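Quick one, what's the 3D model for this:
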Amino acid sequence: MKGGYKPSSFCLPALAVLALSGCSGLPSLEGPDTKVTTPAAGAATPPQPPGAAASPLPADDHLRPNTADPSTPPADLWIRLRGGFSLTALRDDRIRQQTRHWQEQTRHLATVSERAEPFLHFIVSQVEERGMPGEVALVPFVESAFDPTAHSHLKAAGLWQFMPATARHYGLHSDWWYDARRDVVASTAAALDYLSHLNGLFDGDWLLTLAAYNAGQGTVRRAMRHNRSRGLGTDYWSLDLPRETETYVPRILGLARVLATPQRHGIRLHPISNRPRLAVVDLEAAVELDLAAQLSGLDAATVRRLNPGHVRWATAPDGPHHLVMPADRAEPLRRALAGTPPARWVRWHRHQVRRGESLYVIARRYGTTVDTLMRLNGMSGHLLAVGRDLKVPRAPASPASSVGEATAGAYTVRPGDSLWAIARRFNVRVHDLTRWNDLSRNAVLQPGQVLVLGPHPTTAA
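Numbers count the residues shown, from 1 in each chain. Next up, the predicted model:
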């Protein structure tokens with residue numbers, strides 16, 4: 001997803017995706033296991049380039065659906081995914097070139113497929129429910145290599161690489177605690193809304209839709225006007241578009257071709273179970289991710305990988321309050337939280353205000369924000385009385401952080417630490433470290449102070 005209104009171009013074992021459980025405002029994660037739809041009736045058939053074949057590509061025998069009983073859903077999600085492909089019959093030199101690209105990138109494709117495994121079932125289900133071509137589910141393969149934490153140099157973020165302006169337009173907000181562009185559930189809904197909007201603008205032509213997702217609708221419309229004024233074709237293959245966009249659409253189609261007949265292209269796909277394996281747990285208050293992991297019997301790294309939108313150690317004090325969990329761990333987490341008072345879901349620090357301190361200084365010391373301190377302590381202004389106790393969220397101590405190591409993008413300062421030493425240890429610039437933490441270059445660090453080791457979402461945006 002590129003430009004202002006223009007979108008650009010972990011390993012979890014055997015987790016597919018996602019079964020919704022009581023999460024308002026989020027699309028259902030429970031997809032229809034047997035439903036494989038084609039584009040909506042009446043949608044325009046994408047123009048085919050000269051010499052395009054009319055018949056779809058043949059399927060590999062070992063991936064054929066059960067033709068004896070079509071009502072039986074395939075056991076492998078790859079079969080279901082390719083059953084929704086509707087653009088694989090197209091022939092063009094650019095598609096052939098990009099097909100070879102994927103054939104030569106077998107290790108990369110295996111890595112990306114492994115990253116996709118936890119989320120692909122959910123995305124395929126959402127694409128099917130909207131009657132979109134199955135190729136749409138491949139967009140994150142090309143946009144972000146299925147890394148929900150991916151950021152581009154143009155400030156696009158997440159699986160679908162939303163630019164800040166487009167993200168805001170589609171309701172994906174970012175703040176110090178949470179980045180909805182990295183929330184797989186929220187960003188997928190927004191991306192499909194955006195693609196649906198683009199598809200309407202281009203009269204159901206999915207190649208122009210995908211081109212506009214990459215280059216922006218204005219760029220594609222200008223190229224169409226240019227060709228129309230000269231009596232030239234206005235289909236995707238006829239347009240003079242940015243080089244990246246001329247590669248982008250064929251790359252998606254080339255990937256679809258490889259996934260449609262992997263054996264023919266020398267690719268071996270690791271099977272992915274065709275059933276939802278995750279659930280969204282709706283919460284009533286903020287909760288530490290490590291506590292959620294402990295109560296559900298998971299390791300903290302898994303909880304963080306499934307919830308990349310929560311960019312700090314806990315969900316945001318003002319929400320959203322939801323966590324994506326493996327389906328068999330969702331109910332144990334609900335029961336455990338029901339038996340734990342919400343006041344204990346986040347560990348707080350009591351800070352007594354000292355002479356000369358301001359909310360800014362205190363927020364900086366504990367790695368939080370002034371707005372958060374004001375909300376948590378019911379403050380309407382910035383004035384502080386010496387001796388007042390403030391409730392402060394504090395990143396939980398861990399064996400790593402207690403010895404001054406980085407945990408989930410944060411670092412707990414040890415005695416004797418300096419900005420220069422920390423920057424050198426984590427291979428970042430002092431300038432960036434001070435900017436990310438609102439510090440002066442000569443700031444004196446306090447033991448126990450939490451520093452973030454990357455840009456705040458609002459800074460990145």
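
buried residues in whatever helix or strand residue 128 lives in?
Assigned by DSSP states H and E, residue 128 falls within helix 106-129. Buried residues in helix 106-129, counting neighbours by 16 or more other Cβ atoms under 10 Å, are found at 109, 112-128. C-betas here are computed from N, CA, C, even on glycine.

what does stretch 315-334 give?
315-317, 320-327, 329-330, 333-334.

any idea how far that stretch is from the chain center?
17 Å (Cα atoms, centre = their mean, to the nearest Å).

pLDDT of it, averaged?
The average pLDDT for stretch 315-334 rounds to 90.

that older thread, and the very next helix or strand once past the helix holding residue 128, how far from the chain's centre?
Next helix or strand after helix 106-129 toward the C-terminus (DSSP H and E): helix 139-143. Mean-position distance between helix 139-143 and its chain equals 11 Å (Cα atoms, centre = their mean).

By mean pLDDT, which helix or strand of this structure comes out lowest?
helix 399-402 (a mean of 34; mean pLDDT, DSSP states H and E).

Pop the domain breakdown of this protein in here.
19-265, 283-344, 360-460 (automatic domain parsing).

any chance of the ones you listed in JSON lines, with distance to residue 276 too?
What follows is these, written out as JSON lines (distance: least, Cβ to Cβ, whole Å):
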{"stretch": "domain 19-265", "distance to residue 276": "4"}
{"stretch": "domain 283-344", "distance to residue 276": "7"}
{"stretch": "domain 360-460", "distance to residue 276": "27"}
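
mind listing the strands for the stretch 201-350 of the chain?
278-282, 322-326, 348-352 (DSSP state E, counting those that start in this stretch).

Identify whichever of those lies nearest to residue 152.
Among those, strand 322-326 comes nearest to residue 152, with 23.7 Å by Cβ to Cβ.

Using PDB, list the CA coordinates for the closest one.
This file holds the C-alpha atoms of strand 322-326, laid out as PDB (Å, rounded to 0.1, in the frame of the first residue of the first chain):
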ATOM      1  CA  HIS A 322      -9.700  -8.300  23.300                       C
ATOM      2  CA  LEU A 323      -7.100 -11.000  22.800                       C
ATOM      3  CA  VAL A 324      -6.800 -13.700  20.100                       C
ATOM      4  CA  MET A 325      -6.000 -17.100  21.600                       C
ATOM      5  CA  PRO A 326      -5.900 -20.700  20.500                       C
END
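
strands paired with it, and their directions?
strand 278-282 (antiparallel) (DSSP bridges).

the inter-axis angle of the strand it pairs with versus helix 106-129?
60 degrees (axes from the mean of the first three to the mean of the last three Cα atoms, to 10 degrees).

pLDDT at residue 452, what is it?
On pLDDT, residue 452 comes in at 76.

Surely it touches residue 439?
No: using Cβ atoms under 8 Å, residue 452 makes no contact with residue 439, being 10.7 Å away.

Among the two, which residue is more densely surrounded?
residue 452 (21 against 17; other Cβ atoms under 10 Å).

For that one, give the beta-bridge partners.
Note on residue 452: beta-bridge partners residue 410, judged by DSSP bridges.

Please report the distance of it from residue 267.
Distance from residue 452 to residue 267, counting by Cβ to Cβ, to the nearest Å: 40 Å.

What's the local residue count around residue 354?
If you count neighbours by other Cβ under 10 Å, residue 354 ends up with 11.

That one should be in a helix, yeah?
No: counting by DSSP: H, G, I helix; E, B strand; the rest coil, residue 354 falls outside a helix, being coil.

State the distance from it to residue 381.
Using Cβ to Cβ, one obtains 19 Å as the distance from residue 354 to residue 381.

again, but for residue 92
Separation of residue 92 from residue 381 (Cβ to Cβ): 64 Å.

These two: which has the busier surroundings?
residue 92 (19 against 7).

I figured the more buried one hits residue 236, correct?
No: counting by Cβ under 8 Å, residue 92 sits too far from residue 236 to count as a contact (9.4 Å).

one step back: let me have the strands of the stretch 201-350 of the chain in CSV, extended by distance to residue 304.
As requested, the strands of the stretch 201-350 of the chain are arranged in CSV below (distance: least, Cβ to Cβ, whole Å):
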stretch, distance to residue 304
strand 278-282, 14
strand 322-326, 10
strand 348-352, 21
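
State the number of residues packed around residue 161.
Residue 161 is flanked by 29 other residues according to other Cβ under 10 Å.

er, residue 84 I mean
Counted with other Cβ under 10 Å, residue 84 comes out at 22.

quick one: contacts for the closest residue to it other than its chain neighbours?
Using Cβ to Cβ, 6 or more residues apart in numbering and skipping the chain neighbours, the partner closest in space to residue 84 is residue 134 (2.8 Å). Contacts for residue 134 (Cβ atoms under 8 Å, 6 or more residues apart in numbering) come out as 36, 81, 82, 83, 84, 85, 86, 124, 127, 128, 256.

same deal with residue 171?
Residues near residue 171 by Cβ under 8 Å, 6+ apart: 180, 186, 190.

now, which of those lie within helices?
Among the contacts of residue 171, the members found in helices (DSSP state H) are 186, 190.
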